[in-house]
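Engineer: Please work out how this folds:
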Amino acid sequence: MNRPLNNTILGINISHDTSIAVVHNGELVDVFEEERCRRSKYWAPNENSTTLLQSLEQKINIETIDEVVFTSFDRRNFMYEAPDDLKFDRLATREFAKEFTQSQHSRERLKELADQFELEFKHNPNQQDNIIMDDIITHQMKLPKGEYLYNICHHEHHAWCGFNLAPMEEALIIVMDGGGCRLLWDEYPTHQEIESIYYGTGTNIIPLYSKLSNQRFVHDVSDSFQNELHGFLHTDSVDTLNIEDVDYELVSYPSMGMNFSNVSAALGTDDEGRAAGKVMGMASYGKQEHNHYNRYNYAHQLELDSYEYTCDLIRKAIEYKPDTRNIILSGGFSLNCTNNYKYLQAFPDYQIFVDPIPHDGGTAAGAALQMYQGMVDGMEDNDNNGDYCKPSVWSET
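Structural biologist: Predicted structure coming up:
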């Protein structure tokens, strides 16, 4: 590009770990986490809250901002409610479980199950994010409704943040967390990304692989039955797809990030399973002891399982780009400091960089960095005058 693009972009993450980030001329200038300003751990906005972001009030001069981009995890939801005569009929429940676990849940398969068992279809089209964003834009930033870009490429934003902060010109980027974007919404609306592999080179981040799980959907359906059929509604089948040179795997088991959250809730560290880091800390005090079960030993065994699982994922990433010797880890699961140290020993020939903001707070930076690069690319591709035109929030033009 012949001339600099003088732009200051504000990225706002409205999922949990709510945060804001400032990118000026492609450089990440600041990141602020809302819970630090509020002194309220795990705070996140919702459509019923009239409280706006204190981090914006305390840290940002709105007059200096040229563009705003919002990001979030994917709040779209796809749910079935089972009728009472199915919930409390043991024989009918067995038949439902048998059919439910035959395959991964495509949209077509879900319709078949709904017709067969008279399930009630419920669909949340993600109005919650729209309400939150419009509230912040109109009441706090005093801009017209809809004056922003909205992008929910959750894992991709983790990758943009990690790659920008890493001292590497090229790298394999591995993103792992509890769940993110429903990348295949049209065909598999219940599945959301849990693990992704990208290749970062220069100013490009190229998706290579994504594993999507419908574990949360299965969990919610299980909860509607009398005996909470958590162990009976998971399917062992795996669907594999390749779309535009990206490999996808669809599964029903939880990610390792979800497992730490599940254990967090089971051990009582947090009712909603948000204190996964506490379980990682407990693991250091546990050991493998036969017939001796306590919270520390449970956490320790999960830590060992997650280490082996993640080593397999790193090997999978290396298979895509065998000549690349740099690896970046991002996503909330990358906060596991003990395992991160072990990866250095397991892969001594590789440089491993852990994103300094691997949790969802980093996606505000990732979204702003991605938007800036899109602006630069748009100017370079424009044969007329090199001006940047922000994509409309209402269409793809």
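Engineer: contacts, neighbours, all on C-alpha from now
Structural biologist: OK.
Engineer: What segments of the stretch 201-350 of the chain are helices?
Structural biologist: When secondary structure is read from DSSP state H, counting those that start in this stretch, the stretch 201-350 of the chain shows helices at 215-223, 256-266, 276-283, 295-320, 337-346.
Engineer: how about TSV for these, with distance to R182 added?
Structural biologist: Output for the helices of the stretch 201-350 of the chain, formatted as TSV (distance: least, Cα to Cα, whole Å):
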stretch	distance to R182
helix 215-223	12
helix 256-266	16
helix 276-283	22
helix 295-320	20
helix 337-346	27
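Engineer: would you turn those helices into JSON lines with mean neighbour count, distance to T138 and mean pLDDT?
Structural biologist: Below are the helices of the stretch 201-350 of the chain laid out as JSON lines (neighbours: other Cα atoms under 10 Å; distance: least, Cα to Cα, whole Å; pLDDT from 0 to 100):
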{"stretch": "helix 215-223", "mean neighbour count": "19", "distance to T138": "33", "mean pLDDT": "87"}
{"stretch": "helix 256-266", "mean neighbour count": "21", "distance to T138": "35", "mean pLDDT": "89"}
{"stretch": "helix 276-283", "mean neighbour count": "20", "distance to T138": "35", "mean pLDDT": "88"}
{"stretch": "helix 295-320", "mean neighbour count": "17", "distance to T138": "43", "mean pLDDT": "95"}
{"stretch": "helix 337-346", "mean neighbour count": "14", "distance to T138": "40", "mean pLDDT": "93"}
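Engineer: now for those helices, which one comes closest to E57?
Structural biologist: Between E57 and these, the shortest separation by Cα to Cα is 29.4 Å, and it involves helix 276-283.
Engineer: which residues touch that closest one?
Structural biologist: 257, 260-261, 263-264, 269, 295-303, 335-336 (Cα atoms under 8 Å, 6 or more residues apart in numbering).
Engineer: do stretch 189-201 as well
Structural biologist: Contacts of stretch 189-201 (Cα under 8 Å, 6+ apart): 77-78, 105-107, 155, 159, 163, 169-185, 205-215, 217, 250, 255, 317.
Engineer: Show me just the buried residues among those residues.
Structural biologist: Neighbour counting by 16 or more other Cα atoms under 10 Å classes 77-78, 105-106, 155, 159, 163, 170-185, 205-215, 217, 250, 255, 317 among the contacts of stretch 189-201 as buried.
Engineer: Please give me every residue in contact with the closest residue to E33 other than its chain neighbours.
Structural biologist: Using Cα to Cα, 6 or more residues apart in numbering and skipping the chain neighbours, the partner closest in space to E33 is S19 (4.3 Å). Residues near S19 by Cα under 8 Å, 6+ apart: I12, N13, V31, F32, E33, E34, S55, G361, G362, A364.
Engineer: Show only the entries of those found in helices.
Structural biologist: Judged by DSSP state H, helices contain the following of those: E34, S55, A364.
Engineer: Mind checking which of these are buried?
Structural biologist: E34, S55, A364.
Engineer: Domain map for this protein?
Structural biologist: For the chain, automatic domain parsing gives the domain ranges 1-74+125-166+357-397, 80-122, 167-354.
Engineer: roughly how far is the shortest one from the heart of the chain?
Structural biologist: The reference is to domain 80-122. 28 Å (Cα atoms, centre = their mean, to the nearest Å).
Engineer: next one: the longest one
Structural biologist: In terms of Cα atoms, centre = their mean, the gap separating the centre of domain 167-354 from the centre of its chain is 11 Å.
Engineer: again with the first one
Structural biologist: Using Cα atoms, centre = their mean, the mean C-alpha position of domain 1-74+125-166+357-397 is found 16 Å from that of the whole chain.
Engineer: Just give the number of residues close to D84.
Structural biologist: By other Cα atoms under 10 Å, 11 other residues sit near D84.
Engineer: Same question for E47.
Structural biologist: 13.
Engineer: In three-state terms, label it for me.
Structural biologist: Secondary structure for E47, judged by DSSP: H, G, I helix; E, B strand; the rest coil, is coil.
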